[in-house]
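# Coordinates for the following, if possible.
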Amino acid sequence: MRRFLAALACLVLAACAAAPGPYLYLLDAPAPSGAGAGGAQSVGLREIGLPLYARRVQIAAQDQSGAITADDQHRWAEEPPRAATRLVARSLAALREGAVYADPWPQGAAPDFIVTTEVDRFLGALGGEVTLEGQLTVARAGERASAVTGPFTISVSTEGENHAALAAAYGAALAELARRIEAALESY
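Numbers count the residues shown, from 1 in each chain. As a prediction, the model looks like this:
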């Protein structure tokens, strides 16, 4: 009986050692060009509101039937709302002269503008495209009555049929969102 249990334990350990993953992906994008071309006033970026399926650690993908799948073997390396907010803040900072603070901003920081982003759809398909849709609100700090809200829709094609390409497209969509925020700030 002991031999049987020892053999069974060895088989279980061998099976676990042979199983791949999980694979972790960063939500990232190259910094946009045109650094420092935007305004000199500071911006506070509230944490981006994502739908439930996009907040999960498993990377969401839509299959051909329209179902949203979340594969345990392909995960974000960090919490998606926080990672998305930091990526947009970093991309926006590359487009502006003024400081950009991701929520929660540092102690003592007093941004001139507050940007709130609520995402209704942030979904992609392997070998297809990523769609990022929602509402963007820009307001001067402390002046809610001056807030301007408008919709946005961004589509980015994936450059492959794997999760790495899908993760890159998610990042590219967020970098484009930073460009849209900069345009909204300039037209405010």
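# Can you read off the backbone torsions of the nearest residue to G150 once chain neighbours are set aside?
Nearest in space to G150, with sequence neighbours left out and distances taken as Cβ to Cβ, 6 or more residues apart in numbering, is L136 at 5.9 Å. Just so you know, the C-beta spots here come from the backbone N, C-alpha and C atoms, and that holds for glycine as well. Note on L136: backbone dihedrals following degrees, to the nearest 10 are phi -120, psi 130.
# Surely L136 touches F113?
No - counting by Cβ atoms under 8 Å, L136 stays clear of F113, with 11.9 Å between them.
# Pretty sure A139 sits in a strand.
Yes - per DSSP: H, G, I helix; E, B strand; the rest coil, A139 lies within a strand segment.
# how many neighbours does it have?
Other residues lying near A139 total 17 when counted by other Cβ atoms under 10 Å.
# Same question for S42.
S42 has 18 nearby residues by other Cβ under 10 Å.
# what do you get for F122?
F122, neighbours per other Cβ under 10 Å, totals 24.
# ditto for A165
Neighbour tally, A165, other Cβ under 10 Å: 17.
# same question, G66
Number of residues near G66 (other Cβ under 10 Å) recorded here: 7.
# Now it, what are its backbone angles?
Here G66 shows phi and psi, under degrees, to the nearest 10, equal to phi 100, psi -10.
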